[in-house]
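J.: after the sequence you'll find the predicted model.
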Amino acid sequence: MISPADKKDYPALIAIWESAVKATHDFLSDEDFEFYKRHIPIYFQHVDLFKYTDDKGVIKAFLGVDDDSIEMLFVDNESRGTGIGKILLDYAVNKLHAIHVDVNEQNTQALNFYYHFGFKEVGRDEYDGEGKGYPILHLEKS
């Protein structure tokens, strides 16, 4: 079930972020991992934040959208491959009208996920939003 997330959900969302990033972002230095982890609560404040809970009420994934852009979509590593990401992406595109997403160029799993669902590359930046040397691909759903 998808519902709005709020501040009380932050610890669970950060744990999901950590689980997902450790599984998919092996290119991040330990220092940068800790940097982003500290900043996640700040990033949460700049998006419309949604959580995905299972039938037992356990949060398994989350989505952050700003205007027509997916700013974050993370699924707990133990739940990856179960269709939750697809459910959240469908919600973002069809309910929230989000057609843009930025993805780390080195995160081939995420890139393949978005490509599979019809996103196409429309641009590239050499540095991420924090000015760090992690190239970002800008994708758009046509």
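T.: Yes, it's here. Numbers count the residues shown, from 1 in each chain.
J.: what's the separation between residue 58 and residue 52?
T.: Using CB to CB, to the nearest Å, residue 58 is found at 10 Å from residue 52. Where you see a C-beta, it was placed from the backbone N, CA and C, and this is true even at glycine.
J.: kindly export the helix or strand bottoming out on mean pLDDT in the chain (C-alpha atoms) in CSV.
T.: Taking mean pLDDT, DSSP states H and E as the measure, the chain has helix 30-44 as its least confident helix or strand, at a mean of 91. This file holds the C-alpha atoms of helix 30-44, laid out as CSV (Å, rounded to 0.1, in the frame of the first residue of the first chain):
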residue,chain,number,x,y,z
ASP,A,30,32.6,5.2,2.5
GLU,A,31,33.1,8.9,3.2
ASP,A,32,30.5,9.9,0.6
PHE,A,33,28.1,7.2,1.8
GLU,A,34,28.2,8.7,5.3
PHE,A,35,27.8,12.2,3.8
TYR,A,36,24.6,11.3,1.9
LYS,A,37,23.2,9.3,4.8
ARG,A,38,23.5,12.4,7.1
HIS,A,39,21.8,14.5,4.4
ILE,A,40,18.9,12.2,3.7
PRO,A,41,16.6,13.8,6.3
ILE,A,42,17.3,17.2,4.6
TYR,A,43,16.5,15.8,1.2
PHE,A,44,13.2,14.4,2.5
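J.: and that helix, what does it pack onto?
T.: helix 10-24 (3 or more CB pairs under 8 Å, 6 or more residues apart in numbering; DSSP states H and E).
J.: is residue 119 in contact with residue 139, as I believe?
T.: Yes - shown here, residue 119 and residue 139 form a contact pair, counting by CB atoms under 8 Å, at 4.0 Å.
J.: contacting residues for the residue lying farthest from the centre of the chain?
T.: Distance from the C-alpha centroid of the chain peaks at residue 56, with 22.8 Å (CA atoms, centre = their mean). With CB atoms under 8 Å, 6 or more residues apart in numbering as the criterion, no residue contacts residue 56.
J.: can you report phi and psi for it?
T.: Backbone geometry at residue 56, expressed as degrees, to the nearest 10, gives phi -100, psi 0.
J.: how about the strands in the chain?
T.: 2-4, 48-53, 59-66, 69-75, 100-104, 119-125, 136-141 (DSSP state E).
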